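Visitor: With the sequence up front, the predicted model follows.
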Amino acid sequence: MATPALAREQLFALRETIARIENADGPGLVPRKQRWQWDAPQSQPQSPSPSQPPGDDPSAHRAGETDGLDTVFEGGLPDRGLVEIRNPQTRDMGAASGFSLALAAMRQEQEGTGATLWIGQALALSEAGTPYAPGLRKHGLDPARFLLARPRTVQDALWIAETALGVSAFSAVILEIRGNPDCFGLTESRRLQLRARANGTLLLLLRQAGVEEASSALSRLRVDPAPAGERPLPDGSMLPDSLGNPAFLVTPEKSKIADPLGILLEWNPDDRRFRRLEPRLESHPVAPRPEQRTQEPLPLVSLSSHRPGGASALGAVVAFEGTP
Amino acid sequence: MAFAGRSGTAVQIAFLDREAERIGLRKGQGVAEARAICPSLDVLPADPAADRALLEALADWCDRYTPLVALDGDDGLHLDITGCTHLHGGERALLDGVLSSLFTLGIEARGAISSSVGLSWATAHFGDGGVIDPDAALETLAPLPVAALRLPEDVVGPLGRVGLKTVGDLFPLPRAPLARRFGPLPLLRLDQALGLEDEPVSPRLPVPMLSAERRLFDTIHSEDDILALTAHLAGTLKEGLERRGEGGRLFALLLFRVDGRVFRIHAATSTPLRDPHRIALVFRERLAAVHDDLDAGYGFEIVRLCVLRSEVFETVQEGFSAGADGNRSLSAFAERVVARFGPESLLAVTLPESHVPERAAHLVSVLDLWEGERDAATERRAASTPPGDRHPGDRPLRLFAPPEPVETVAGVPEDAPKTFRWRRSFHRITRTEGPERIAAEWWIDGEDHPSRDYFRVEDDAGRRYWLFREGIYADDAALPRWFIHGVFA
């Protein structure tokens, strides 16, 4: 089974080349200068030129407010190109859409001008809800600069996305796809990725109820809901049992840095920035919960009722005599 | 051959061909009687809708001669050729051209050109047709029967009974007694035929403000050729638009197929447009959208581009930097999407004043919104972005329309639920905020519409939902129902 050494060397060289090609714009390899700084939007006026983000200045980082994304992606997510955000369940789409819209809001604030385009198939919009303008405003996005495209088929959605990536008017484009359709594969995502990078637009692929799939996205994040923080009171304490800023559990699935546990991020719509939360073990969604073990385990989906029962197991259970 | 139509309870011959006429059949005869006269008569049911469609198609076809084409009853067309004749080699040549082209299409037609609608109608229906000199109106009209004045049957009958058979009989009569006895119609029609009374032709389609066309010696088939020609025609139109200081908002591309079919493709734009390339770009999407319906057949012989609606064009100084064209590229993008998928495919948000959540945001087509904004730029802008927040409570990121029913379990009836079941999956609620009571808008919903109590809930996995209870628990009322209205981030 041993491979000849020469062939193995060639294979390694090829692998390295492929890795270099694929990761030429991947997270972690591009110098920090060319990346979009996620954690310093408030120091934007000091540096009007987007080619010189304020993150270069170490003093712009404020201690204690280190951005979660920054550490995961070694300098923030790229500000252009295709980023996939997915969630396997439709009922969790609130978190995934909230995270995508938060990215779009940050991008919009950074650009100053530019609209956000949401491309959603009619089916996806009816399954997970239509974007709601007052809620968008609460989330930090300007509804006056929000456009919603409602194509019928995936092909139409891809066409609109590609057209939108050809104009400079959009700071972020969100393409919502339900499931893993056949007509949106590696070729199509590669095409979109190249277009987005050439045009300097952030394209967020929001995959609704989809599984992991090979794509040309720069990175793929799985976004799960996480318990929100509490509302702060004027005296600095927290109002107990209140629902404050939304929080997300972001698990990088395709990234330079693997973090299987994910990081907890809290989105502050007023400042339009993320804050990393310390994962509380008892409230971590992935962590096992001791108190729930004792309760009766509940199925994700309730069992069907008023229907014929399932087929019974074949054969019969026979009590054998125990051998001594 | 004859076509039978139903008039009242009787089945009568509505139309008949020349052969049937020769046998001695006539219009209005009963079908049974006609069959008795000629047992081999081929009777088909008349189809007025198809006749109408054919006439409409012919009217489209006649667009090549003049934009002012009007339908006349069920079997005629009026063409206002004022100022168009020299393009077709004079009146006589125009008439001959129309009739011979119609003949090659398999349609037998009679036509006349004169200075008034009435005279043309009379000579085409009852006379020899042809071009009538304005000075010869009287002597042309005189020998024709009175019915040639487009008079209804109940006026022609009494006129005939008193011996007024031809139009010429009416000329010497005093007008006042004639009007007293037969009503104003005969005199009106007579004056109209003689050109003393004006009679406008109301065209069946809006007359374009500008149009440019190209007649082709050799027909074209491919979309690329059509688009190239469209861009060329748009370049011709540009001058006219510039002279007016306007840009087109609604364009129509007319494609005349060799066999007489006419395709009419409309394209709306989001901003007044002059640039030929952008106009061609919009039509590229339109052609892609109507691709299957556009059957080139043996090719198109005439291509015409019209401006149907235009608006003042604000001339923009081209900047040196490339970044300033955000709005323009946005409108170009909107045009392409709308041209391809229709106006409902790209939506923008307006925020009407309303407490009811589903009425507080409204999705409208982008083109409509931008048009409205241009009309009332300042106040609309101010209204759509109020300075503060209108809603004190949090609003969800995504809204379900309509709200989806959920089954809930609560500790106390009036309280927030402890668990709920939505889409057959079970959620245990850990934290709740609320209620926020939103009353129905009595001026829309009526006074007895139940109010809603909204709760913001978070389940044990951290999902945040917006639930509401419609109605309140009361002794006499039905049990209130619970709904999920949206999801939070």
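Guide: Structure received.
Visitor: quick one: contacts for residue A:103?
Guide: By CB atoms under 8 Å, 6 or more residues apart in numbering or on different chains, the residues touching residue A:103 are A:77, A:83, A:172, A:202, A:204. From N, CA and C alone the C-beta is placed, and that goes for glycine too.
Visitor: Confidence-wise, which of the residues you listed comes last?
Guide: Among the contacts of residue A:103, residue A:77 carries the lowest pLDDT, at 64.
Visitor: Residue of chain B closest to chain A, please.
Guide: Using CB to the nearest CB, residue B:489 is the residue of chain B that sits closest to chain A, at 2.3 Å.
Visitor: just the buried members of the contacts of residue A:103?
Guide: Those of the contacts of residue A:103 that meet the buried threshold are A:77, A:83, A:172, A:202, A:204, by 16 or more other CB atoms under 10 Å in any protein chain shown.
Visitor: would the second one count as being in a helix?
Guide: No. With DSSP: H, G, I helix; E, B strand; the rest coil as the criterion, residue A:83 is strand rather than part of a helix.
Visitor: pretty sure it contacts residue A:205?
Guide: Yes. Using CB atoms under 8 Å, residue A:83 is in contact with residue A:205, at 7.0 Å.
Visitor: which neighbours do these two share?
Guide: In contact with both residue A:83 and residue A:205: residue A:217, using CB under 8 Å, 6+ apart.
Visitor: Which residue is the nearest non-sequential neighbour of the residue of chain B closest to chain A?
Guide: Distances taken as CB to CB, 6 or more residues apart in numbering or on different chains place residue A:98 nearest to residue B:489, at 2.3 Å, with adjacent residues excluded.
Visitor: list the contacts for the one you found?
Guide: Neighbours of residue A:98 in contact, by CB under 8 Å, 6+ apart: A:139, A:246, A:248, A:267, B:397, B:488, B:489.
Visitor: pLDDT at the last one, what is it?
Guide: By that I understand residue B:489. Looking at residue B:489, the pLDDT reads 85.
Visitor: Now do the same contact list for it.
Guide: Residue B:489 sits next to A:94-95, A:97-99, A:101-102, A:139, A:246, A:248, A:267, B:397, B:464 when contact means CB under 8 Å, 6+ apart.
Visitor: could you redo those residues as a markdown table and give each row secondary structure and distance to residue B:236?
Guide: Listed next are the contacts of residue B:489 as a markdown table, based on DSSP: H, G, I helix; E, B strand; the rest coil; distance: CB to CB, whole Å:
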| residue | secondary structure | distance to residue B:236 |
| --- | --- | --- |
| A:94 | helix | 54 |
| A:95 | helix | 56 |
| A:97 | helix | 49 |
| A:98 | helix | 52 |
| A:99 | helix | 52 |
| A:101 | helix | 47 |
| A:102 | helix | 50 |
| A:139 | helix | 50 |
| A:246 | coil | 57 |
| A:248 | strand | 57 |
| A:267 | strand | 55 |
| B:397 | coil | 50 |
| B:464 | strand | 59 |
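Visitor: how about the residues of the stretch 151-300 of chain A that lie near chain B?
Guide: A:151-152, A:156, A:159-160, A:163-164, A:166-170, A:224-228, A:241-243, A:246-249, A:267, A:283, A:285, A:292, A:298-300 (CB under 8 Å from any CB of the partner chain).
Visitor: The same query, at a cut-off of 7 Å, please.
Guide: Residues of the stretch 151-300 of chain A found near chain B (CB under 7 Å from any CB of the partner chain) are A:151, A:156, A:160, A:163-164, A:167-169, A:225-228, A:241-243, A:246-247, A:267, A:285, A:298, A:300.
Visitor: Which ChimeraX command selects the buried ones in those?
Guide: In ChimeraX, this line selects whichever of those come out buried by 16+ other CB under 10 Å:
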select /A:151,156,160,163,164,167,168,169,225,226,227,228,242,243,246,247,267,285
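Visitor: Which stretches in chain A count as helices?
Guide: A:5-22, A:68-72, A:93-111, A:122-128, A:133-139, A:154-164, A:186-199, A:290-294 (DSSP state H).
Visitor: ugh, wrong one, I meant the stretch 151-300 of chain B
Guide: Assigned by DSSP state H, counting those that start in this stretch, the helices in the stretch 151-300 of chain B fall at B:153-161, B:167-170, B:175-182, B:185-194, B:223-244, B:276-289.
Visitor: now what about the longest one, what contacts it?
Guide: Translated: helix B:223-244. Contacts with helix B:223-244, where a contact means CB atoms under 7 Å, 6 or more residues apart in numbering or on different chains, come from B:210, B:212, B:214, B:220, B:247-248, B:253, B:255, B:274, B:276-277, B:279-280, B:283-284, B:287, B:303, B:305, B:307, B:310.
Visitor: any idea where the strands of chain A begin and end?
Guide: Remark: strands assigned in chain A by DSSP state E are A:81-87, A:115-120, A:130-131, A:146-149, A:170-178, A:202-208, A:219-226, A:247-254, A:263-268, A:273-277.
Visitor: and these as TSV, adding distance to residue B:159?
Guide: Formatted as TSV, the strands of chain A follow (distance: least, CB to CB, whole Å):
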stretch	distance to residue B:159
strand A:81-87	82
strand A:115-120	70
strand A:130-131	68
strand A:146-149	66
strand A:170-178	73
strand A:202-208	77
strand A:219-226	87
strand A:247-254	89
strand A:263-268	87
strand A:273-277	90
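Visitor: Show me which positions of stretch B:162-170 end up buried.
Guide: B:164, B:167, B:170.
Visitor: Repeat that for stretch B:184-196.
Guide: Result for stretch B:184-196 [16+ other CB under 10 Å]: buried residues B:186, B:187, B:188, B:189, B:190, B:191, B:192, B:193, B:194, B:195.
Visitor: Distance from the chain centre to it, please.
Guide: When distances are taken as CA atoms, centre = their mean, to the nearest Å, stretch B:184-196 is centred 34 Å away from the chain's centroid.
Visitor: now do stretch B:59-76
Guide: Worked out by CA atoms, centre = their mean, stretch B:59-76 lies 17 Å from the chain centre.
Visitor: Apart from its neighbours in sequence, what residue is nearest residue B:440?
Guide: Excluding the flanking residues, the one nearest residue B:440 by CB to CB, 6+ apart is residue B:449, at 3.7 Å.
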